[in-house]
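Engineer: using only what follows, build the 3D model:
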Amino acid sequence: ALVTGRLSLRGDPLVDVLGVLTICVYGSWFYGFGVLIDDIGAELGMGATALGASFGAAQALVGLLALVTGRLLDRRGPSIVLGVIGPLGAVALGVSGRVGDSLLFAVLFAIGGGLTGAAGFYTLTQSVIVRADRTRSLERIIRLTIWGALASPIAIPVTELLRSTLGWRLAIEIPAGFAFIAFLASSRVVRLPYGSPAEERGRWGAVIAGAVRDAV
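Structural biologist: Here you go, the predicted model:
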C-alpha cells in the first residue's frame, strides 16, 4: 500500500501471492525462452522461424484466451482460472520439455504459454485486484507491478543456471512446476465475489467496441 507517498513494507497477502505468481508465470516461458532457444533448436532440429512461431503463437493465445479467463472471472470467480486453467497450462508447458518431436513441442509450448499467460499475466491479476477493492486498486497494482519487475532479473539468470547445469529440458520443467504451485497457492488465497450485475457485464462485442472507441 502507499502510505504518505511511500510504499508500505507491510504484507498484502492477496497482492503478494499474485506477485509471486507473476514472477513464476512470466519466468516459466516468457523471459526464459530466449535463454533456451539455441539448445532447443539444436536438439529438436528446429530453426529460429519455427521456434519464433511457437513463441508467437503462445503470445497470440494469451490475448485470445484472456477474453475467456476474464469472462470466467466475472461469472465463476477466480478459482477456476487460478486453480484449473493455470495449472493445466503449467502441465502442458512442463510436458513440452519432455517430448522429442519438434511439432509436438511447438504445440505444447504454445498451449502451455497461452493458458498460463491468460491465467497469470497482468490482464487477469490486475482485474482480480480491481475486483477485490476498487478503492485501493491503484496502490495495489503498483505493488504488483513492483513484484513483476523482478520477473526478468530472476528468471533469466535462473534459467541460464538450470540450462547450464541440468539441461534445457529441466530448465523448462522446473519453472513450469513452480508456476503450477504458484497457481494452486493463488487459488487458495484469492477469494472474490463473482456474478456482477448484468449492467456491468454486458456482451463481449459491446465491451470490445467500446474499448476501440475509447482508444480512437
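Engineer: which of the residues in the biggest helix by length in the chain are classified as buried?
Structural biologist: The longest helix of the chain (DSSP state H) is helix 48-76. Residues of helix 48-76 classed as buried under the neighbour-count rule (16 or more other CB atoms under 10 Å) are 50-51, 54-55, 57-58, 61-62, 65-66, 69-70, 72-74. All C-beta atoms are positioned from the backbone trio N, CA, C, and that covers glycine.
Engineer: and the strands in this protein?
Structural biologist: 2-3, 6-7 (DSSP state E).
Engineer: burial measure for residue 11, as a count.
Structural biologist: Residues near residue 11, counting by other CB atoms under 10 Å, number 8.
Engineer: any stretches of the protein with poor pLDDT?
Structural biologist: For the chain, the stretches flagged by pLDDT under 70 are 1-10, 193-216.
Engineer: would you map the helices across this protein?
Structural biologist: 13-25, 33-44, 48-76, 79-80, 86-96, 102-120, 122-132, 137-149, 151-166, 168-189, 198-201, 204-215.
Engineer: how close does the closest residue to residue 92 other than its chain neighbours sit to residue 55?
Structural biologist: Spatial nearest neighbour of residue 92, chain neighbours left out: residue 112 (3.6 Å); criterion: CB to CB, 6 or more residues apart in numbering. Going from residue 112 to residue 55 by CB to CB, to the nearest Å gives 12 Å.
Engineer: residue contacts, the residue nearest to residue 19 when sequence neighbours are not counted?
Structural biologist: If the residues on either side of it in the chain are set aside, residue 19 comes closest to residue 147, at 2.6 Å by CB to CB, 6+ apart. By CB atoms under 8 Å, 6 or more residues apart in numbering, the residues touching residue 147 are 15-16, 18-20, 22-23.
Engineer: cool, thanks, signing off.
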